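In: Show me the folded form of this:
(one chain, ligands or ions: 1)
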Amino acid sequence: MPPSLVVDNSNNRAKETDFLGKYAEAESGRPDLMMSKLLSRPQSSWTDVESDYDEPTVRRAPRDFSKDEVDADRAEEWDDGRRVSPLSSFSNGSGSKKLPQAIIIGVKKGGTRALLEFLRVHPDIRAVGAEPHFFDRNYDNGLDWYR
Ligand SMILES: Nc1ncnc2c1ncn2[C@@H]1O[C@H](COP(=O)(O)OS(=O)(=O)O)[C@@H](OP(=O)(O)O)[C@H]1O
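Out: Numbers count the residues shown, from 1 in each chain. As a prediction, the model looks like this:
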């Protein structure tokens, strides 16, 4: 299922719509079908939406940052000096990469890093290595970068 995206900024509306359209094309080849699912989904229920989304293989092993898992082109330096790729943990082990099923959106110093780290602890969640900042910094790199 594609991510839920809420952007409280009308300046980003065009980008959001553009992204969702590209997302739909990329995932199903039927942008009209995907957009209608996204826009008409009842807010009170999450169980009545059919999706042909292919569940990614779950990454169960905790990430070992001491190993060289970093994609140098995408690496980001964390406050503590670690260099991590925002996207390398998206690999499902077979070489393919998926778009996210959930996106954390928050203001700077709003606790997004803490939320990411809490979620990462769950064995059924594969989280990005670092905040990818796709929408505010890397949008022009496109979906191939984002996967
Ligand atoms: N649960 C909870 N309660 C109170 N404060 C919390 C909580 N979780 C994170 N934090 C504090 O939030 C700051 C980090 O926010 P972010 O991770 O969003 O920062 S960042 O912008 O992504 O760097 C960081 O504050 P500073 O230490 O002042 O930088 C964290 O200590």
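In: mind listing what the closest residue to the ligand within the chain touches?
Out: For the chain and the ligand, the shortest gap (CB to the nearest ligand atom) falls at R113, measuring 2.8 Å. In this view, the C-beta of every residue, glycine as well, is placed from N, C-alpha and C. Residues near R113 by CB atoms under 8 Å, 6 or more residues apart in numbering: E131.
In: Which SSE is immediately downstream of the helix or strand where it lies?
Out: Assigned by DSSP states H and E, R113 belongs to helix 112-121. The helix or strand immediately downstream of helix 112-121 is helix 142-146, counting by DSSP H and E.
In: So which bits of that next one are buried?
Out: Going by neighbour count (16 or more other CB atoms under 10 Å), the buried part of helix 142-146 is Y146.
In: got it, and stretch 115-130?
Out: Buried-residue list, stretch 115-130, by 16+ other CB under 10 Å: L116, R120, R126, A127, V128, G129, A130.
In: Within range of the ligand, give me the residues from the protein.
Out: G106, K108, K109, G110, G111, T112, R113, A114 (CB under 6 Å from any ligand atom).
In: What is the burial count for the fifth one?
Out: This points to G111. Using other CB atoms under 10 Å, G111 has 11 other residues around it.
In: tell me the contacts of it?
Out: Contacts of G111 by CB under 8 Å, 6+ apart: none found.
In: Please repeat the previous calculation with a cut-off of 10 Å.
Out: I104, F118 (CB atoms under 10 Å, 6 or more residues apart in numbering).
In: do the last one as well
Out: Residues near A114 by CB under 10 Å, 6+ apart: G106.
In: out of the residues of the chain next to the ligand, what pair is the most spread apart?
Out: Greatest spacing in the residues of the chain next to the ligand, by CB to CB: K108 and A114 (13.0 Å).
In: Correct me if wrong: F135 contacts I105.
Out: Yes. Using CB atoms under 10 Å, F135 is in contact with I105, at 8.1 Å.
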